[in-house]
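Chemist: After the sequence you'll find the predicted model.
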Amino acid sequence: MQKMAEPLGLRDECGEGTSGAPALAGSCLADNRLNLDVYPDGCRRFLQLFKEQQGEVVQVEFLRLSSNDCLIDTTLGSLPHLKHLKSLVLKGGHARDEFGSYQHGSLTSLPPDLGNLRCLTHLDLSFNRLSILPSCILHLPSLHVLLVSHNSLVTLPEDFGCLSKLTFFSAMKNQLKDLPQSIGELSMLQDLDLSENALELLPEEVGNLHNCTELDLSGNRLLSIPDSLANLKSLRRLHLHSNLLVTVPASLASLPNLSRLDLQNNCLRAIPAEIQALPFVHVRGNPLGETEPSPQADKSSTRRLKRLFLASGEGSFTVTSEGCKVVLACGIHFYFPPGAASDPLRICFRSLMPDPQWVKLRHHDVLLSRVLELQPHGVQFQQEVQIWMPYISPQTLHQHEVVVRTFSGQSWSDLKTRVKWKRKSKKCVAHCCVLHFSWFLVVSRLVQNECKVPAEGTLLFSSVDPNIKVIFPPGVTKEPRSVKLQVLPVSAEEIQEITASAGCRASPLLYLSQDSTVDFLKPVRIQLPLPPGITGLNLDRSRLHILHGDLEGQTWNDITSEVVLEFTHLYAVFEVTHFSWYWLWYTTKTYIGGIAKKVYERLRLYQVNFIALQRKRDPEQVLLQCVPKHKVDPVLKKLQDRYRGPEPSDMVEMFEGEQFFAAFERGISIDTDRPDCVDGRLSFIFYSHLKNMKEIYVTSPVDRKGQAVKGQVSFYRGAVPDSIPEDASRRRKGPDSLWLATLPIKLPQLKPRRDENPSSLNGFSFPPLNLGNAETGYLTQANLLSIARRVGADWQSIGLNLGLTYQQIECIGYNNRQDLNKQILDMLFSWAQQNSEDPDCVSKLITAMKESGRQDIADEIDAIIELGRQKYSESIRRVGLEQESSTEDSAIAMT
């Protein structure tokens, strides 16, 4: 088939095509491929091309569209006309919601005419909203690969086995409860992934999948597996972890090609000796050796709870009525007591970066952890579940306490929290108990004292400063109400530094709140200590002011004339009927409200410095970080061996949870397709106790062969928290007021390249490589070169699935920015060199191809490996015959 670029009038990334159709990027269209899922308006582009040049579009063989596109339903009607279509990808997950979750696409069905695509061999419908499998799929006679993962499928059709040519089927992360018996008719199926569903039983017919090499049933509710699995003679990998298995058939040990059997995190108390003897079996997280308790015995004393240890890639586990202990790779622990869940329950978890749009911090709060989301939301447990969350110790925060905060979907609330220091892990953990799951994080807040005020009255005092008291007289309320008290001590040195006046002094700042909107029936008496250095003996009453602040601290009113002030030698006492902020000041100033407002704002600000460092071995890699002033020297000392750069910026002030941006300027640019890039600038959120650091590869459109590029990175303010003082917001308007700091960045002059090896491909030389081993088959340098020719625009996705970092991908793209072939080869051989000693590297390469939607390349690698394995077997037989012949010749000679 001819290339599509010319018939469709698509020349390059910037120009217009000859027919007037909008130009698509080179990565969108390659040969007979049309990759439109990377564009937010991909469906619109397709419909326009289909309308203007239908004759050429219907020749497309490979098509990718995003099902998050609002025009996807309209586009579906045109797809049956693409009679030559071989691969169709209609995936969701191209957009994120406010919590950072991938949004599922809008597909709930497919048009019946899609079943007329007789050439279709590859169909990917992942991350959609399918509750039943569209019937048209069963009419695709050539279908080899089908992906429906991350949908809502409850069952598969009874005649699912009619897809006789299917070799790969993935339905992971659905809600499948059973499988049809016809699944055993998929005689050509090689890879079956049914992980993270709700399967409780498997049909015996699964044992008829004689060509199956990998079977993933992990994360289900299986109590047992059928003996017929022992008939899967081609099976190499069997994943059964995170189920409810109490037994496994010993016949699994007889599978001749099995190289991995994962039984972790089940309920196995005993494992057949034949299976235990296998060197590749994994059994961690099972209650092995434990006996079943008698019904009369005390369960709490005779049974140890099952323990689950989850690896970094796992995102769910199952809880049964027996309870369990769970340890996540990030250090979070759970304790589910027996009876907490009446039925088996799948728990999903993930860690999210805090977004100030929905993580609303209160005044003087400090964030100490990422956000932990636990699903399903709202499910009520029968008993309290315990959670231990590690956090960053707030060593510089005095008069604060650590609490776990949870989000109900409407508002955040604090949980009763205990703090503990773990000696083994050397981490602080916050412990809480909950009856339902939602979102959780750890914060440091002002120490909070609270009490229930009855009609008889009561006394509440601060544990931070016992001299601060609140007295509730009898009859102050009809119904009991909850009252909370917080205190923010302010030193005389801080007041003097901020106000630049030695005559200003203030008492600790008092915040009172209650759970009722009704004022008290009687005045409440408040006792505050006099400001430092002031006593009843030297008190000048004309200089003493009681200030009342609103809930946001935006206004401070002098209410001295509105209350009756009483004095003792050490205290001031006054009465109020409603709660908010109260502050006692001693000064000669007449307008104290403005001064208090300025001091209060500064108390919430952090003094920080920006650093911009370049890696010594690779100056294009730049590290940016916003560091609190007291941490700058330790951070620079830690980085000095690997990075160099200018001195940190001048000190600036920022609020907790404030957004800021980094912009590269004067001949330096970055990849603007990054998810954290907004209008060409990198987005940051400042949290004083979390790392505000990013590493990024920079480029320059300037020709660096002649000279170095002297550019810069500037930092600008972005959105500020909703509750900052009005004056602070007003001062930050306009481009000049948004600027924070600028630091120089220098990209050195490029050295002229040496003569390239004329025998290498495209001027790119490669070391000799043999991936794998002789018994399982090798991938050679020539094999990798053959694979590279088929990768195309998917190289970045494949690289990430192989485990390369985003920074490595960026660097490869930059170093070979003029040549797609070199980008592919650099990525593939960089990975190969790093993993040449890994015996499982070939299987990882195959998995990465599948996860990137390139089943065609995965099949090619499998074919190469199978051929190598056959050659190895033949050589072994040949050597054996030669040895036998040599032995016979020796015997004849001796006679």
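Modeler: Now that the structure is in, tell me what you want to look at. Residues are numbered from 1 along each chain as shown.
Chemist: and the gap between Asp159 and Leu441?
Modeler: 49 Å (Cβ to Cβ, to the nearest Å). Yep, even glycine has a C-beta here, placed from its N, CA and C like the rest.
Chemist: quick one: pLDDT of Lys691?
Modeler: Lys691 is assigned a predicted lDDT (pLDDT) of 83.
Chemist: any idea what sits nearest it, other than its immediate chain neighbours?
Modeler: Closest residue to Lys691 in three dimensions, ignoring its sequence neighbours and counting by Cβ to Cβ, 6 or more residues apart in numbering: Gln625, at 7.5 Å.
Chemist: Hmm, Glu695 and the one you found touching each other?
Modeler: No: in this structure, Gln625 is not within contact of Glu695 by Cβ atoms under 8 Å, at 9.4 Å.
Chemist: Could you check how far Phe664 is from Val713?
Modeler: Counting by Cβ to Cβ - Phe664 and Val713 are separated by 5 Å.
Chemist: what number of residues lie near the residue nearest to Lys691?
Modeler: 22 (other Cβ atoms under 10 Å).
Chemist: Give me the distance between the two termini of stretch 404-411.
Modeler: 14 Å (Cα to Cα, to the nearest Å).
Chemist: OK, contacts around the spatially closest residue to Val281 that is not a sequence neighbour?
Modeler: Distance criterion Cβ to Cβ, 6+ apart; nearest residue to Val281, sequence neighbours excluded, is Leu261 at 4.5 Å. Applying Cβ atoms under 8 Å, 6 or more residues apart in numbering, we find Leu261 in contact with Leu238, Leu240, Leu252, Ile275, Leu278, Phe280, Val281, His282.
Chemist: which of those count as buried?
Modeler: Among these, the ones that count as buried by 16 or more other Cβ atoms under 10 Å are Leu238, Leu240, Leu252, Ile275, Leu278, Val281, His282.
Chemist: Where is the longest strand in this protein?
Modeler: For the chain, the longest strand by residue count, based on DSSP state E, is strand 605-615.
Chemist: ok, that one: who's next to it in the sheet?
Modeler: strand 621-628 (antiparallel), strand 643-644 (antiparallel), strand 652-655 (antiparallel) (DSSP bridges).
Chemist: that older thread, which pLDDT value belongs to the residue nearest to Lys691?
Modeler: Reported pLDDT for Gln625: 92.
Chemist: Assign a three-state SS to Phe50, would you?
Modeler: The three-state assignment at Phe50 reads helix, by DSSP: H, G, I helix; E, B strand; the rest coil.
Chemist: still on that earlier bit, and the average pLDDT for the longest strand of the chain is what?
Modeler: Rounded mean pLDDT across strand 605-615 is 91.
Chemist: residues in contact with that strand?
Modeler: So strand 605-615 is in contact with 620-629, 632, 635-636, 639, 642-646, 648-656, 686, 688, 713, 715, 740-741, 743-746, going by Cβ under 8 Å, 6+ apart.
Chemist: Centre of the chain to that strand, how far?
Modeler: Averaging C-alpha positions (Cα atoms, centre = their mean, to the nearest Å) puts strand 605-615 25 Å from its chain's average.
Chemist: Quick check: buried residues in it?
Modeler: Tyr606, Val608, Asn609, Phe610, Ile611, Ala612, Leu613, Gln614, Arg615.
Chemist: how far does stretch 505-523 stretch from start to finish?
Modeler: 27 Å.
Chemist: can you give me the mean pLDDT across that stretch?
Modeler: 89.
Chemist: Using the three-state scheme, assign Ile347.
Modeler: Ile347 is classified as strand under three-state DSSP.
Chemist: Report the beta-bridge partner residues of it.
Modeler: Bridge pairing for Ile347 - DSSP bridges - gives Phe317.
Chemist: Phe655 and Glu552: what is the separation?
Modeler: 13 Å.
Chemist: I should have written Ser164 there, sorry.
Modeler: 68 Å.
Chemist: likewise Cys119?
Modeler: 64 Å.
Chemist: Likewise for Arg617?
Modeler: Taken as Cβ to Cβ, the span from Arg617 to Glu552 is 49 Å.
Chemist: And for Val281?
Modeler: 61 Å.
Chemist: and if you look at Val476?
Modeler: Counting by Cβ to Cβ - Val476 and Glu552 are separated by 26 Å.
Chemist: Show the subsequent helix or strand relative to the worst-scoring helix or strand of the chain on mean pLDDT.
Modeler: Every helix and strand of the chain was ranked by mean pLDDT, DSSP states H and E. The lowest is helix 299-302, at a mean of 39. Toward the C-terminus, helix 299-302 is succeeded by strand 306-309 as the next helix or strand (DSSP states H and E).
Chemist: list the helices and strands that following strand packs on?
Modeler: Where contact means 3 or more Cβ pairs under 8 Å, 6 or more residues apart in numbering; DSSP states H and E, strand 306-309 is packed against strand 324-327.
Chemist: In CSV, list the C-alpha atoms belonging to the strand it packs on.
Modeler: Taking Å, rounded to 0.1, in the frame of the first residue of the first chain, the C-alpha atoms of strand 324-327 are listed here in CSV:
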residue,chain,number,x,y,z
CYS,A,324,-5.9,-9.4,57.3
LYS,A,325,-2.9,-7.1,57.7
VAL,A,326,-1.8,-5.3,54.5
VAL,A,327,1.6,-3.6,53.9
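Chemist: Show me the contact partners of the helix or strand following it.
Modeler: Sequence-wise, the next helix or strand downstream of strand 324-327 (DSSP H and E) is strand 333-336. Under the criterion Cβ under 8 Å, 6+ apart, residues 305, 319, 323-328, 381, 385-388, 429 lie in contact with strand 333-336.
Chemist: What's the PyMOL syntax to select whichever of these are buried?
Modeler: Per 16+ other Cβ under 10 Å, the buried members of the contacts of strand 333-336 correspond to this PyMOL selection:
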select buried, resi 305+319+323+324+325+326+328+381+385+386+387+388+429
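Chemist: what's the closest of the contacts of strand 333-336 to Asp69?
Modeler: Leu328 (35.0 Å; Cβ to Cβ).
Chemist: Phe655 and Glu552: which is more packed in?
Modeler: Phe655 (21 against 13).
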